[in-house]
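Visitor: Mind folding the following:
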Amino acid sequence: MFNLAFFCGLALGAVSIIRTIVEQRQIRTIDVSGADIDGLNIRIDRTSAHPLLAEFTRTLTVNAKRRAMAVLEMDKDSGGGQRVDVCKTTEGRILLSDRFGNYLIHPDGSVRRIVDAYVAQVLPDGTTEPLVTPEMKPACLTKLGVFDQGGGPGYDYGFQPER
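Guide: Numbers count the residues shown, from 1 in each chain. All right, here's what the predicted structure looks like:
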């Protein structure tokens, strides 16, 4: 009888601790990191995507003078603080790259995702027809910096310019 009461109390205590952790880590903005590059304000907002794991949804926002703000949902960060490299391409555009995707920012402030997947549909006769073909990732001319955690765990996530 004592063992059953002990284990029930232990289980209730564990549920209480987990519930407290979940309530503290509700879906909320974790951080906002920005950089001013070539007259563009580039910002990445990270929002918790899971109450217990270090997973984030990310939103890329670009503000340019004399243009409406561009907002793009980036691919989900399932690794907890994914590094995003920032460079200037040979065409003068800004490229953001990480292991999940590539995003091209034009000098006017418009943003687009670089399609890096091949998608095809199967036709009734068994052949395939391409729906989406992958684009080549533009070459980087100048590395500008990185959105990352500064010196590892315990440091804030943010933009660190190239030195």
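Visitor: residues contacting Ser110?
Guide: Applying C-beta atoms under 8 Å, 6 or more residues apart in numbering to Ser110 gives the contacts Val62, Arg67, Ala70. The way it works is simple: take the backbone N, C-alpha and C, and place the C-beta from them, glycine included.
Visitor: Just want the most central residue of the protein.
Guide: Note on the chain: the residue nearest the mean C-alpha position is Arg58, at 4.0 Å, using C-alpha atoms, centre = their mean.
Visitor: Tell me which other helices or strands the helix or strand harbouring it touches.
Guide: Mapping Arg58 onto the secondary structure by DSSP states H and E places it in strand 56-64. Using 3 or more C-beta pairs under 8 Å, 6 or more residues apart in numbering; DSSP states H and E, the elements in contact with strand 56-64 are strand 40-48, strand 70-73.
Visitor: hmm, back to that, take the contacts of Ser110 and write them to JSON lines, including pLDDT.
Guide: JSON lines is the format used below for the contacts of Ser110 (pLDDT from 0 to 100):
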{"residue": "Val62", "pLDDT": "95"}
{"residue": "Arg67", "pLDDT": "80"}
{"residue": "Ala70", "pLDDT": "92"}
